[in-house]
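> when you get a sec, could you give me coordinates for this:
(2 chains)
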Amino acid sequence: MLEQQLAQYLHLRLPAAGPVQVTGVRRIPGGASRETWAFDAAWEEDGRTLCRGFILRRDPPASVVVTERDVEFQVMDAAGRAGIPVPKVLWLEKDGQHLERPFFVMERIDGCETSPQALLADPAYVQVQPRIARRFVEVLAAIHALDWQGLGLHEVLGPPPAPEECALREIEKWEQVLEREALGPEPVLRAALRWLRRHLPPPAQRIVLVHSDYRVGNFLYDAEGEIRGVLDWELAHLGDPLEDVAWACLRPWRWAGDERIGGIMPREEFYALYQELTGLRVDPEAVRFWEVLGNVKLAAITITGARAIVQGRSREPVLAMIARGNSRLELEILELMGV
Amino acid sequence: MRPDQRESVLVVQGVLQELAREVSTDYARSQANMCLLLLQSVISEMDSAVHDLVQDTAALRELLAEARVALASLPDTEAADLAAAIGAALEEAPPDDLRLSSLRPRRERLLGLLERFLCLCEDRLGTSGAEALGPVRSSAYRLLRRMALRGWSFWDVGSFREALVGWRNAAQQEGA
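Got it, this is the predicted structure:
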């Protein structure tokens, strides 16, 4: 069914092509916010047979977070044009005319891995771990160096906050999500939000494009140690670069189970390289603020998924599973708050 | 004798484990594994569910009684309103119905009051006249930590592994 719909859709989008044959449609595991499907397509064009791999990102019936797919599409497009490694985005459909729900299509980057576990344990990748660690920081620095005004991203993302407004704006954003989605009392999260208001960091040193989900596990890497595509741009916004620095440091992404950032590098190394590449100072207290907020944000996202389960709008086990792990995020929040 | 809840869930887990090996797509395998982890988390709380809810309710009542006394030292209406709400909740008769569906709402009600109390504490911390809130705030966070340490989560075998061992050891020493 989906194969046929995709073939018809591609035929529409590739006017020079003859009939399109779609094969190998398969759902990719993970991704709690949108359905991700991989497929292959073949068609005749100018007497030649062309074959390409694609990725479909389709809105699910219920998600962990309400995000605008056109924002994700446009930000990825702009980042790609500016040289950031991202899968090339191709077509965006804002309604369900073609595949029942809104979606966008992007190119598939083959021969890559996203799994943090493979990065930590697969000998093919373990040997290039130091290079990936370095590239991880370099790509983040490159995102933060993007000329978002020149790329017109303020027109997509809305006007930038003033440097002193970044933190408060994010507190308010996630407070509203919690207000809307909470299924019961959340004493740790709500107290943490009050704590955050008392511990606001210094104004942002620079307003940058914040990826907002930049972490080990959210990029495609290869066996050469290259990062080939940064994924999941749906929460991107303009703000404080330290928000991304702290998010990358969150305990949930310390996959080795110890204190190493992303499971691949010591925190001091991460800070030092980031500072060297960006010229920005990493203030540990400011990072602590953003880590508390990051854990609150992650908890709020999982609560949104929990609500979808409780209301019967979703039966995705990943939503139930991650929401049941919220107590661990609470422990981390209390630890970071020092209470 | 018949298989109890735990044993029955273990049967389902076993079957899912077998099925996960049989399925051919990454997506189906991943979904089966998610279900296994979800069941593991449910099993970890099943046996002690009633005990935990009863204990939580008692601990919350004790803590809120202290909070009410601390709130009395504040002169404003927000504190007075909260103290009155706590007073009303503490007057409720202790639960005689031990069904989860009865115990949970009672706990939630008390937890809601604790949430209000903690928000007030965080807003007032360091202000004059709010000194009495400090010790109860600390006790409240200790209780929330104890509650959050329970059960099993998929994080426990991954990124939280070492931290959780440390937190559990600290909680044990504190309780000893």
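> the residue nearest the centre of chain B is in what secondary structure piece?
The geometric centre of chain B, computed from its C-alpha atoms, lies nearest to residue B:147 (Cα atoms, centre = their mean), at 4.0 Å. Residue B:147 is part of helix B:133-148, with elements assigned from DSSP states H and E.
> at contact distance from chain A, anything in the helix or strand that comes right after that helix?
Heading C-terminal from helix B:133-148, the first helix or strand you meet, by DSSP H and E, is helix B:161-175. Yes - residues of helix B:161-175 contacting chain A under Cβ under 8 Å from any Cβ of the partner chain: B:161, B:162, B:163, B:164, B:167. C-beta here means a position set from N, CA and C on the backbone, and glycine is covered the same way.
> got a PyMOL select line for the buried ones in those?
Buried residues among these (16 or more other Cβ atoms under 10 Å in any protein chain shown), as a PyMOL selection:
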select buried, chain B and resi 163+164+167
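> going by distance to chain A, which of the residues of helix B:161-175 next to chain A wins?
When the residues of helix B:161-175 next to chain A are compared for distance to chain A (Cβ to the nearest Cβ), residue B:161 wins out at 3.4 Å.
> my guess is the closest one contacts residue A:257, does it?
Yes - here residue B:161 reaches residue A:257: they are 3.4 Å apart, a contact under Cβ atoms under 8 Å.
> residue ranges in the stretch 1-150 of chain A under the pLDDT threshold?
For the stretch 1-150 of chain A, the stretches with pLDDT under 70 are A:31-32, A:62-67.
> and the strands in it?
Ranges of strands in the stretch 1-150 of chain A, per DSSP state E, counting those that start in this stretch, are A:21-27, A:35-45, A:48-58, A:89-93, A:103-107.
> switch these over to a markdown table; also include mean neighbour count and distance to chain B.
Shown next, in a markdown table, are the strands of the stretch 1-150 of chain A (neighbours: other Cβ atoms under 10 Å in any protein chain shown; distance: least, Cβ to the nearest Cβ, whole Å):
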| stretch | mean neighbour count | distance to chain B |
| --- | --- | --- |
| strand A:21-27 | 15 | 4 |
| strand A:35-45 | 18 | 9 |
| strand A:48-58 | 16 | 13 |
| strand A:89-93 | 18 | 22 |
| strand A:103-107 | 22 | 17 |
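> can you redo those as JSON lines with distance to residue A:149?
Shown next, in JSON lines, are the strands of the stretch 1-150 of chain A (distance: least, Cβ to Cβ, whole Å):
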{"stretch": "strand A:21-27", "distance to residue A:149": "38"}
{"stretch": "strand A:35-45", "distance to residue A:149": "31"}
{"stretch": "strand A:48-58", "distance to residue A:149": "27"}
{"stretch": "strand A:89-93", "distance to residue A:149": "21"}
{"stretch": "strand A:103-107", "distance to residue A:149": "24"}
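> what residue of the chain is the furthest out?
The chain I'm using is chain A. The C-alpha centroid of chain A is most remote from residue A:47, which lies 39.8 Å away (Cα atoms, centre = their mean).
> that answer is for a different chain, and I need it for chain B
Most distant from the centre of chain B: residue B:24, at 38.6 Å, with distances by Cα atoms, centre = their mean.
> which ones are touching residue A:136?
Residues near residue A:136 by Cβ atoms under 8 Å, 6 or more residues apart in numbering or on different chains: A:216, A:219, A:227, A:248, A:262, A:264, A:265.
> excluding chain neighbours, what is closest to the fifth one?
In other words, residue A:262. residue A:216 (3.1 Å; Cβ to Cβ, 6 or more residues apart in numbering or on different chains).
> show me the contacts for the residue nearest to the centre of chain B.
When contacts are counted by Cβ under 8 Å, 6+ apart, residue B:147 touches A:327, B:56.
> then the one 3 residues further on?
Contacts here follow Cβ under 8 Å, 6+ apart; on that basis residue B:150 touches A:327, B:45, B:48, B:52.
> got a pLDDT number for it?
At residue B:150, the model reports a pLDDT of 95.
> which stretches of chain B aren't confidently modelled?
Along chain B, segments meeting pLDDT under 70 span B:176.
> where do the helices sit along it?
Per DSSP state H, chain B has helices spanning B:5-22, B:26-46, B:49-71, B:77-91, B:100-124, B:133-148, B:161-175. These are given in chain order.
> now do chain A
Taking DSSP H to define them, one finds helices in chain A at A:2-13, A:69-81, A:116-121, A:123-126, A:129-144, A:153-157, A:166-181, A:187-198, A:241-249, A:267-278, A:284-310, A:317-323, A:326-337.
> ok now the shortest one, how far from the chain's centre?
When distances are taken as Cα atoms, centre = their mean, to the nearest Å, helix A:123-126 is centred 24 Å away from the chain's centroid.
> identify the residues contacting that helix?
For helix A:123-126, contacts defined as Cβ under 8 Å, 6+ apart pick out A:113, A:118, A:119, A:120, A:132, A:221, A:223.
> check contacts around the second one.
Right, the one you point to is residue A:118. By Cβ under 8 Å, 6+ apart, the contact list for residue A:118 reads A:124, A:125.
> how near is it to residue A:182?
Taking Cβ to Cβ, to the nearest Å as the measure, residue A:118 falls 35 Å from residue A:182.
> still on that earlier bit, mind putting the helices of chain B into TSV with distance to residue A:60?
Listed next are these as TSV, based on distance: least, Cβ to Cβ, whole Å:
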stretch	distance to residue A:60
helix B:5-22	22
helix B:26-46	13
helix B:49-71	31
helix B:77-91	39
helix B:100-124	29
helix B:133-148	29
helix B:161-175	31
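> go through those helices and name the closest to residue A:16.
Proximity to residue A:16, assessed across those by Cβ to Cβ, is greatest for helix B:26-46 (32.9 Å).
> distance between that closest one and the chain's centre?
21 Å.
> cool, and stretch B:70-77?
Here the centre of mass of C-alpha atoms in stretch B:70-77, compared against the chain's by Cα atoms, centre = their mean, lies 27 Å away.
> quickly check: it near chain A or not.
No - using Cβ under 8 Å from any Cβ, we find that stretch B:70-77 stays clear of chain A, coming within 15.4 Å at best.
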